[in-house]
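Visitor: sequence and predicted structure are below.
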Amino acid sequence: EAQVTQNPRYLITVTGKKLTVTCSQNMNHEYMSWYRQDPGLGLRQIYYSMNVEVTDKGDVPEGYKVSRKEKRNFPLILESPSPNQTSLYFCASSSRLRDGNSPLHFGNGTRLTVT
Amino acid sequence: GDSVTQMEGPVTLSEEAFLTINCTYTATGYPSLFWYVQYPGEGLQLLLKATKADDKGSNKGFEATYRKETTSFHLEKGSVQVSDSAVYFCALRGGFKTIFGAGTRLFVKA
């Protein structure tokens, strides 16, 4: 089954404790992206990757890191989480970068709480 | 820059009522337009799309027409069901970047 898999689904942590949220897709997609969803703000892009070893900042990259060492994986790293990073996070992927026909495929989300 | 504006919710309807969720956009060039739906506890999934002016996207009884002259992509359904209760996001894609509206929550009462 074609899917984007994120783990964990829920995570509660404390300020300053490094964490990683994993994302994997099995559709051989070139493009992957991380979003955060906050009430009233919709989805805001954190980082994206157009292919292996190619990553770039989105609209709200501060406090986050990513890597793309393999095509299927795109982990999101919070080196020193803070309470303002409490949010619902989504990983997404897409094929055919320049083709506007290609929709995003989303994971089921990771709800992060930083105390 | 590019942006998407959609009507604020929540929208509450009775079963079998007509639904409209307004969406307007600003963009340079000719973006593709999408509606995504998010059911409780899940990620977003594509509902429908339109890639050029006057195209109509449709799926599961939902429809939206790409109106370049009014820069709009309003979502409609003739008769909603309780199972349509979800959050709906309008989005545009120009090149590789997708920009989302804030989302509209729909409640459908039996």
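Guide: Arrived safely. Keep in mind that what you see is a predicted model, and the values were worked out from it rather than measured.
Visitor: show me what from chain A comes close to chain B.
Guide: A:4, A:31, A:33, A:35, A:40-43, A:45, A:48, A:50, A:90, A:92, A:94, A:97-98, A:100-101, A:103-104, A:106-109 (Cβ under 8 Å from any Cβ of the partner chain). For glycine as for every other residue, the C-beta is placed from the backbone atoms N, C-alpha and C.
Visitor: which of the residues you listed are buried, as a ChimeraX select command?
Guide: Of the residues of chain A next to chain B, the buried ones go into a single ChimeraX selection, burial set by 16 or more other Cβ atoms under 10 Å in any protein chain shown:
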select /A:4,31,33,35,42,43,45,48,90,92,94,100,103,104,106,107,108,109
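Visitor: which of the residues of chain A next to chain B fall within helices?
Guide: Among those, no residue falls in helices (DSSP state H).
Visitor: which residues touch residue B:14?
Guide: B:108-109 (Cβ atoms under 8 Å, 6 or more residues apart in numbering or on different chains).
Visitor: pairing partners for the host helix or strand of residue B:90, with directions?
Guide: Using DSSP states H and E, residue B:90 sits within strand B:86-94. Sheet pairing of strand B:86-94 (DSSP bridges) gives strand B:32-38 (antiparallel), strand B:97-100 (antiparallel), strand B:104-109 (antiparallel).
Visitor: render the CA-only coordinates of the shortest one in CSV, please.
Guide: Translated: strand B:97-100. Coordinates of each C-alpha in strand B:97-100 appear next as CSV, following Å, rounded to 0.1, in the frame of the first residue of the first chain:
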residue,chain,number,x,y,z
LYS,B,97,5.5,24.7,-3.5
THR,B,98,2.0,24.1,-2.1
ILE,B,99,0.3,26.9,-0.2
PHE,B,100,-2.7,26.1,2.1
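Visitor: quick one: mean pLDDT for it?
Guide: The pLDDT scores in strand B:97-100 average 88.
Visitor: can you list contacts of it?
Guide: Residues beyond strand B:97-100 that count as contacts (Cβ under 8 Å, 6+ apart) turn out to be A:33, A:35, A:42-43, A:45, A:48, A:104, B:2-4, B:34, B:36, B:89-93.
Visitor: where does chain A have low pLDDT?
Guide: A:96-100 (pLDDT under 70).
Visitor: and if we set it to 80?
Guide: A:96-101 (pLDDT under 80).
Visitor: residue ranges for the strands of it, please.
Guide: A:4-7, A:10-13, A:19-25, A:31-38, A:42-51, A:54-57, A:65-66, A:76-78, A:87-94, A:105-106, A:110-114 (DSSP state E).
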